[in-house]
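> Got a predicted structure plus its sequence, pasted below:
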Amino acid sequence: DFNVDLLKYDKNSLTNEFLDSLSSHFFLPNIILPTRISNNTKTIPIERLTKATGGYGQGWLKKGNDVFFAVGRSLYTVDAAKWFEGKADPTELVKLSASAKRKSGRGTLLLSRARVITMNGDEVLRRGDILIEDSVIKAVGPSGSFEVPEDATVLHLRGKTIMPGIIDAHAHQGTPFLTAPPLGQYWENLNRLAYGVTTIVDPSHSVPQFAMADLAHAGGILSPRMFGTGPIMDEREFALSAEDSRLIASRQSTYFEEPVLKSYNIGGRRDRQRLLHATKEEGLIAMLENDGNHHHVVSGILDGYFHFAHGFSFPLYKDMAQLLSQSGSGINYQFGALRGEGGPSSIFYYLDTMFEKEIEKGLKDTIPEQYLLQRNHRRLRIDNSHQVFPYYSKQIDKLIDAGVLISLGDHSTFYGIGMIWEIMALASAMDDNLPALRAATHSAAVMTGLDASIGTIEVGKLADLIVINGNPLTDIEDLSDLKYVIVNGV
């Protein structure tokens, strides 16, 4: 019978499992060849309904005569019978839209007489002022170097340090709202804010997270800024044509409005090169998952990938440092989630040496007890002689000296404090803490396409700032002792 209603089938059937597993492309049963489907069905004839734009949230309308699906905030529908006959294409039924005022500061605020790490090169103002109007930085310079409006609110911050808010460039957000209490706050992001993380970028962004990001930007929940890559390209994307590549890149910029397109293993190098060409045409940043395969990574650099998720194994010799530097490619490291690099996670070291200190400062009051027990009571204990992150710190310092972009992410190993520990791990064997701080601010902004708005303290950029009770340039542990966290001037 043509009027097949898939929604009526048993939820454990092959049909539902198959449809639920599809994210990049959208398929439908081939209804031209009538097929009875049951729990015993082994195979199902399928047809591709859309082009490379894909779809999700698919279902039936008009008793199975029409199909609907969504891409981004656009809802599409098509007459199934006419489509199979080649007489109709999916048409946009509606583009959902809603407007809300973005949560931002109001009025004029002067942050006065603080040490200011601007992240503009090596610039540090020993005693500096920052003037904020609403959500934007209007002036920055040595104390007393610019006029201050009479109605400005003044915060005297002698002895404090101001730097850009931390950017977690590899934060897996998880499933939104599943862990939110009745008030709708997401405890993971509250903890990120508490430790100065003002922006997170999820390199495996699911569709529901777009709604959560909008809610955060509008002030509906307390959260860092949230960005992501949208649906990722993986091994299911093979034999990509030039047309498919253009449609995929267009989907990212048009439907999901995200600056980064991430891919895993997508066939051969020609497939990657076609996708990279389309990505460049759309003005997007190309991110490649580093799966630990050195040949895969090197060819990815040569093909033109800009952002590599997960670090490289060491040692890297001079030729690789030159290749990375001259190509402009950047690497995102997560010391708490070492994979192909080898060695134990740095999280075990910091759980042993710093966790109790954070508990005493109030961490136990902001994280569910079950999560604390899971992360603390049954953790591995590793002799310090087996820790590898100091060695990686030395090697990464050489890459930074060679001009290679390095950013950091905590891979959600420990929400909030995990990002502080990432910065500490990177700084552990360096002579200067500034490169580690830059990796979590300006370099992260560049690698995620956000550097026009955040990542440095300069006129015209958004007021995403943290005020520290101490000086992380001389003692990196001061980074966890915050006085204020400012996001968009709030």
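Happy to help now that I have it. Numbers count the residues shown, from 1 in each chain.
> What residues of stretch 474-486 count as buried?
Going by neighbour count (16 or more other C-beta atoms under 10 Å), the buried part of stretch 474-486 is 476, 478-480, 482-483, 485-486. Placement of C-beta: from N, CA and C, glycine included.
> no no, stretch 223-242
For stretch 223-242, a neighbour-count test (16+ other C-beta under 10 Å) marks 223-234, 237, 240 as buried.
> could you list every residue that touches the residue lying closest to residue 78 once chain neighbours are set aside?
Once its chain neighbours are removed from consideration, residue 78 has its nearest residue in residue 90; the separation is 4.2 Å (C-beta to C-beta, 6 or more residues apart in numbering). For residue 90, the residues meeting the contact criterion (C-beta atoms under 8 Å, 6 or more residues apart in numbering) are 49-50, 67, 69, 76-78, 83.
> Please look at residue 438 and residue 119 and confirm they touch.
Yes - in this structure, residue 438 sits in contact with residue 119. The criterion is C-beta atoms under 8 Å, and the distance is 5.8 Å.
> how long is stretch 229-246 end to end?
End-to-end distance for stretch 229-246: 17 Å, by C-alpha to C-alpha, to the nearest Å.
> outside of that stretch, which residues touch it?
The list of residues contacting stretch 229-246 from outside it, by C-beta under 8 Å, 6+ apart, reads 23-25, 51-52, 54, 201-205, 207, 210, 248, 251-252, 256, 258, 260-267, 271, 274-275, 277-278, 281, 287.
> Now, of those, which are buried?
Burial by neighbour count, 16+ other C-beta under 10 Å: within the contacts of stretch 229-246 this picks out 24-25, 51-52, 54, 201-205, 207, 210, 248, 251-252, 256, 258, 260-267, 271, 274-275, 277-278, 287.
> Which ones among the residues you listed lie within helices?
Assignment to helices by DSSP state H places the following of the buried ones among the contacts of stretch 229-246 there: 207, 210, 248, 251, 271, 274-275, 277-278.
> List just the nearest of those residues to residue 145.
For those, the minimum distance to residue 145 (C-beta to C-beta) is 42.0 Å, reached by residue 210.
> What separation do you get for the spatially closest residue to that closest one that is not a sequence neighbour and residue 250?
Nearest non-adjacent residue to residue 210, counting by C-beta to C-beta, 6+ apart: residue 256, 7.0 Å away. Between residue 256 and residue 250 the distance, using C-beta to C-beta, to the nearest Å, works out to 10 Å.
> One more: residue 443?
Counting by C-beta to C-beta, the gap from residue 443 to residue 250 is 28 Å.
> Which of those two has more residues huddled nearby?
Here residue 443 and residue 250 are set side by side on neighbour count (other C-beta atoms under 10 Å), and the busier one is residue 443, at 26 against 16.
> who's in contact with that one?
Per C-beta under 8 Å, 6+ apart, neighbours of residue 443: 330, 405-407, 455.
> Low-confidence regions, the stretch 101-250 of the chain specifically.
For the stretch 101-250 of the chain, the stretches with pLDDT under 70 are 174-184, 235-239.
> Only the C-alpha atoms, please, for stretch 386-397, written as PDB.
Output of stretch 386-397 as PDB, limited to C-alpha atoms (Å, rounded to 0.1, in the frame of the first residue of the first chain):
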ATOM      1  CA  HIS A 386      54.500   8.800  34.000                       C
ATOM      2  CA  GLN A 387      52.800  12.100  33.300                       C
ATOM      3  CA  VAL A 388      53.500  13.300  29.700                       C
ATOM      4  CA  PHE A 389      51.900  16.800  29.700                       C
ATOM      5  CA  PRO A 390      55.100  18.600  30.800                       C
ATOM      6  CA  TYR A 391      56.900  17.000  27.800                       C
ATOM      7  CA  TYR A 392      54.100  18.100  25.500                       C
ATOM      8  CA  SER A 393      54.300  21.500  27.000                       C
ATOM      9  CA  LYS A 394      57.900  21.800  26.000                       C
ATOM     10  CA  GLN A 395      57.200  20.600  22.500                       C
ATOM     11  CA  ILE A 396      54.200  22.900  22.000                       C
ATOM     12  CA  ASP A 397      56.300  25.800  23.200                       C
END
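> and it, average pLDDT?
Along stretch 386-397, the predicted confidence averages to a pLDDT of 90.
> now the helices for the stretch 1-150 of the chain?
Using DSSP state H, counting those that start in this stretch, the helices of the stretch 1-150 of the chain run over residues 14-21, 80-84.
> Touching, residue 135 and residue 460? I think so.
No - no contact is recorded between residue 135 and residue 460 when judged using C-beta under 8 Å, the distance being 11.4 Å.
> Compare the two (neighbour count), which wins?
Neighbours around residue 135 and residue 460, counted as other C-beta under 10 Å, are more numerous at residue 135. The numbers are 19 against 9.
> what's the distance between that one and residue 310?
Here the distance between residue 135 and residue 310 works out to 33 Å (C-beta to C-beta).
> returning to that earlier point: which of the contacts of residue 443 lies closest to residue 111?
When these are compared against residue 111 (criterion: C-beta to C-beta), the nearest one is residue 455, at 17.8 Å.
> In contact with the closest one, which residues?
119, 164, 167, 441-446, 461.
> in the sheet, who's paired with the residue minimising distance to the centre of the chain?
Centroid-nearest residue in the chain, with C-alpha atoms, centre = their mean: residue 201, separated by 1.7 Å. Taking DSSP bridges, one finds residue 227 as the beta-bridge partners of residue 201.
> Please tell me the pLDDT value assigned to residue 369.
The predicted structure scores residue 369 at 78 on the pLDDT scale.
> Distance check, it against residue 191.
Between residue 369 and residue 191 the distance is 14 Å, computed by C-beta to C-beta.
> same check, this time on residue 331
26 Å.
> Then residue 363?
Using C-beta to C-beta, one gets 8 Å for the distance from residue 363 to residue 191.
> Between these two, which contacts overlap?
Shared contacts of residue 363 and residue 191, counting by C-beta under 8 Å, 6+ apart, come down to residue 417.
> Give me the phi and psi for residue 233.
Geometry field for residue 233 lists phi and psi as phi -100, psi 120, criterion degrees, to the nearest 10.
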